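*Asks:* task: produce atomic coordinates for the following.
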Amino acid sequence: MDRAGEQDAPTAAVVVDPNGAVSGWSEGGRLLLGWSAEDVVGRPVTELLAGPAPAGFPESHESARGPAGPIPLRHRDGSTVDAVVTAQPLSGTGGRGLGHVVTAQRWESRPVIADRAFEQCPFALGVYDPELRFLWINASSARVIAHSEDQVIGRKYREVLPEFDRTLFPERDDKPYTDALAQVARTGEPTRLITVFRPRGSDYANAWATSIWPVRDTEGTVRAIANWGFDMSAEYWARQRLLILNNASGGIGRTLDVIGTARELAMTPVPRFVDQVSVDLFDEVLRGEEPPSESAANPHEAIGLVRAAQHSAQDGTDRDAGPPTPVTHSPGSVAARCMATGRSTVELATDPGQGGEWAFGPGLAADPAHWPPGNPVIDASLARDGLTGRITVPLRARGALLGVVAFSRLDRPEAFTADDLILAEELAAKAAVAIDNARRYSRERTTALTLQRSLLPQGPPNQEAVEVASRYLPGGTGTEVGGDWFDVIPLSGARVALVVGDVVGHGLHAAASMGRLRTAVRTLADVDLPPDELLTHLDDLVLHLAGDLRPDNHFQPTGESGATCLYTVYDPVSRRFTLASAGHPLPLVISPDGTRTPVPAHPGPPLGIGGLPFEATELELPEGTLLALFTDGLVESRERDVDQRITELQHALTDATTPLEPLCDTVMDAMLPDRRTDDAALLLVRTRALARHHVADWPVEPDTAQVPRVRKLAVDQVDAWGLEEAAFVTELVVSELVTNAIRYGEPPIRLRLIRDTSLICEVSDASSTAPHLRRARAFDEGGRGLLLVAQLTQGWGTRHTTEGKTIWCAQTLTPPTPL
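*Replies:* Got it, this is the predicted structure:
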């Protein structure tokens, strides 16, 4: 037989009479076996067989589908031809049997192999007519729809498989599949889709990838719709797990808040993975403290935790709005064992297997061999709690036990798989690290905030120069504590220093740096340096602090130790307001009538630059002027520029006569949004002026003979103020200070008395040489004056001015005399 004959796959047609003899022979028989009609007609058909005839041959091969395997036939050249043999009976009038028509086709021919291939294909194959009636399905498709081919041929799809009530069976929705079939029949365009539904008799929702295409005749008319589909559940659910983990990566730990992170863990896997999640943490974790030691989780003792979060998809309940509540896990409970052993536990309400074997959904990667030891545990008591399964996972991070999380399924019948356990542990691990980060942040933030608040003024100092109110608000949750600070420092001569500053950076380092700078400012203020000189010294200090942070101890011109500072001094006697800024916003000056007074100054460089000068500016303010000193956290905004924000601040300060405390609240409410990203400090000051009759000033001739006269002037003035109890000390200190100025100073010399909350005595001269205390020997005639002044008064010091120096001392007036 030639090659073309093999490729054409000839079919032999043989007519067999009722006696089993060949009575007819086709050309196909000659092409297939090489025998001519003369060779075989009249001979028994069994002689064409290369082996023993099958029992009942040819009557046993009446099925149109043919035998299960090939039958060997004898070729004329002596070879064997494996063929598919089918037999159909021949009938005459009256139903009289005329024999059989036997057909034979080479087993390897394309039509036969194709039939076998499609029939045995593991994919579900089917062919429908344009009305969606079944024309053919293979064995795999029959298994999926739980119907045999004979049961469905000629029937419409919905006659065989009625549509589910999707309100009752949302997971069994196959409508997208039938819609796609109808679309292809209508448009003639192929399509593909993925459908997720639960087949009949299965407890698992399967994912199917389906391709549908039209079958056309030679004229191009759509005669049928064919499709193939395969179960891609393993790949689909693996992808869903990856999506859940991806959502967890972006959805868990978004804020540095322990409760918020616990809620994110509770909500992320619901409802795609489980129906309910509860997160229980140790109380120490919620407070930002170190979690208890491992011995705290004893499986034989009750373990007290706090339910930080719980979320359920069944009724939409969410405990986000409620406070955390205490919970107790009883001795021997699954949660107690998990925390004690550090191992997760899977509980199932019933054994999903039959006959002792685990039965998992088609395509699900859940080989029982993947289960870790001890899992899963069959616990019928879960059903009493309305659960079908639960995975309990201890929350551990960096070797510390933080609590426990439970993932529960309520009414879905799918049993947890080993892959589900891996997913639950991955979610718990991600969340545990985020919770521990939040705990550590909370601890550091609390420490830094405590440190910062301890360094800020706890109340206004005892002074009469200004009325003061202040507010400090740290950044919102999730932001570190900054280095904002303010201060009110009483100075000599009834003056007061008003300070506000901001250290670069956040956290404990910023709070500690702020404390050092505040201490330095107070120390320099005690020396009574002018604002520009004080900032120069402070700039040097910041440079040294930056150098201390470097291992090579070289100066670092900029960096974490940088800061801004506004230092101002107000004198209630002269009503002079002097200020200098190191990179800090200038204050707002609001006159008593509510108008803004421009400040003709420019901020200098921030502290830590080094080598650049600072400029001092002086203003004369009317009594009752409102001053607003603030840090940039009050006026910075992503939506508006700083100038607009300062204008908003000015509008909030329009009524300059409002009491300062409520005015502070008004400003903070108007300027700060609910979610702050930086600290903000505000210092509101209303100036006062010291009445002229509370200040007495005399020139002093540089002659010691003038001391008695000056002493008498001072005593008379003190008596006129009604401060007779202070007259004796005043007489002594005036005598000593004026005598020292005449002996060791330079003219002009002046004496000034100020009645404030204290009685201040000042002696000024043109010499810049400052006196100092020394120990006088037994026979020394001098050296005891300043020691006497220091012993008799509550404070004394030297203030350098452009004209020389001023020696001052102060006596506390008890009780304070109202002005």
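
*Asks:* out of everything not next to it in sequence, what's closest to residue 504?
*Replies:* residue 562 (4.2 Å; CB to CB, 6 or more residues apart in numbering). Heads up, the C-betas are built off the backbone N, CA and C, glycines and all.

*Asks:* got the contact list for that neighbour?
*Replies:* 503, 504, 542, 546, 606, 607, 608, 609 (CB atoms under 8 Å, 6 or more residues apart in numbering).

*Asks:* flag whichever of those scores worst on pLDDT.
*Replies:* Across the contacts of residue 562, the bottom pLDDT score, 66, is held by residue 546.

*Asks:* so how many other residues sit close to the closest residue to residue 15 other than its chain neighbours?
*Replies:* Nearest residue to residue 15, sequence neighbours excluded (CB to CB, 6+ apart): residue 24, at 3.1 Å. Neighbour count of residue 24, defined by other CB atoms under 10 Å: 15.

*Asks:* list the buried ones in the helix or strand hosting residue 579?
*Replies:* When elements are assigned from DSSP states H and E, residue 579 belongs to strand 576-582. By 16 or more other CB atoms under 10 Å, the buried positions in strand 576-582 come out as 577, 578, 579, 580, 581, 582.

*Asks:* re earlier: what is the nearest of the contacts of residue 562 to residue 495?
*Replies:* residue 607 (23.2 Å; CB to CB).

*Asks:* hang on, isn't the closest one packed against residue 565?
*Replies:* Yes. Contact status for residue 607 versus residue 565: in contact at 6.0 Å, counting by CB atoms under 8 Å.

*Asks:* still on that earlier bit, identify the residues contacting the residue nearest to residue 15.
*Replies:* Here residue 24 is in contact with 13, 14, 15, 41 (CB under 8 Å, 6+ apart).

*Asks:* what about the first one, distance to residue 41?
*Replies:* Relative to residue 41, residue 13 is positioned 13 Å away (CB to CB, to the nearest Å).

*Asks:* circling back to that earlier point, among the contacts of residue 24, which one sits closest to residue 51?
*Replies:* Distances from residue 51 to the contacts of residue 24, taken by CB to CB, are shortest for residue 14, at 17.4 Å.

*Asks:* neighbours of residue 485, how many?
*Replies:* 27.

*Asks:* grab the nearest non-local neighbour of it.
*Replies:* Residue 485 sits nearest to residue 514 (CB to CB, 6+ apart), 4.9 Å away.

*Asks:* what of residue 539?
*Replies:* residue 607 (5.0 Å).

*Asks:* quick one: that neighbour and residue 486, what's the gap?
*Replies:* Residue 607 is 16 Å from residue 486, by CB to CB.

*Asks:* comparing those two, which residue is more hemmed in?
*Replies:* Neighbours were counted for residue 607 and for residue 486 using other CB under 10 Å; residue 607 has more, 29 against 23.

*Asks:* which residues touch the more buried one?
*Replies:* Contacts of residue 607 by CB under 8 Å, 6+ apart are 517, 535, 538, 539, 542, 562, 563, 564, 565, 582, 583.

*Asks:* quick one, grab the pLDDT at the spatially closest residue to residue 491 that is not a sequence neighbour.
*Replies:* Spatially, and ignoring its direct neighbours in sequence, residue 491 is nearest to residue 497 (5.5 Å; CB to CB, 6+ apart). In this model, residue 497 is scored at 94, pLDDT.

*Asks:* the helix or strand harbouring residue 497 pairs with which strands, parallel or anti?
*Replies:* Per DSSP H and E, residue 497 falls inside strand 496-503. If you go by DSSP bridges, strand 496-503 pairs up with strand 483-490 (antiparallel), strand 563-571 (antiparallel).

*Asks:* how distant is the longest one from the center of its chain?
*Replies:* I take that to be strand 563-571. How far strand 563-571 lies from its chain's middle: 39 Å, per CA atoms, centre = their mean, to the nearest Å.

*Asks:* just to revisit the earlier point, what angle sits between the strand holding residue 497 and strand 576-582?
*Replies:* Strand 496-503 and strand 576-582 are oriented at 10 degrees to each other (axes from the mean of the first three to the mean of the last three CA atoms, to 10 degrees).

*Asks:* buried ones in strand 496-503?
*Replies:* For strand 496-503, by 16+ other CB under 10 Å, it's 496, 497, 498, 499, 500, 501, 502, 503.

*Asks:* chain neighbours aside, what residue packs nearest to the third one?
*Replies:* Distances taken as CB to CB, 6+ apart put residue 568 closest to residue 498, at 4.6 Å, once the chain neighbours are dropped.

*Asks:* hang on, the earlier thing: for the strand holding residue 497, list the C-alpha coordinates in PDB.
*Replies:* Extracted in PDB, the C-alpha atoms of strand 496-503 (Å, rounded to 0.1, in the frame of the first residue of the first chain):
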ATOM      1  CA  VAL A 496      11.700  89.600  80.500                       C
ATOM      2  CA  ALA A 497      13.200  87.400  77.800                       C
ATOM      3  CA  LEU A 498      10.800  85.700  75.400                       C
ATOM      4  CA  VAL A 499      12.300  82.700  73.600                       C
ATOM      5  CA  VAL A 500      11.000  80.200  71.000                       C
ATOM      6  CA  GLY A 501      13.000  77.700  69.000                       C
ATOM      7  CA  ASP A 502      13.000  74.500  67.000                       C
ATOM      8  CA  VAL A 503      15.700  71.800  66.800                       C
END
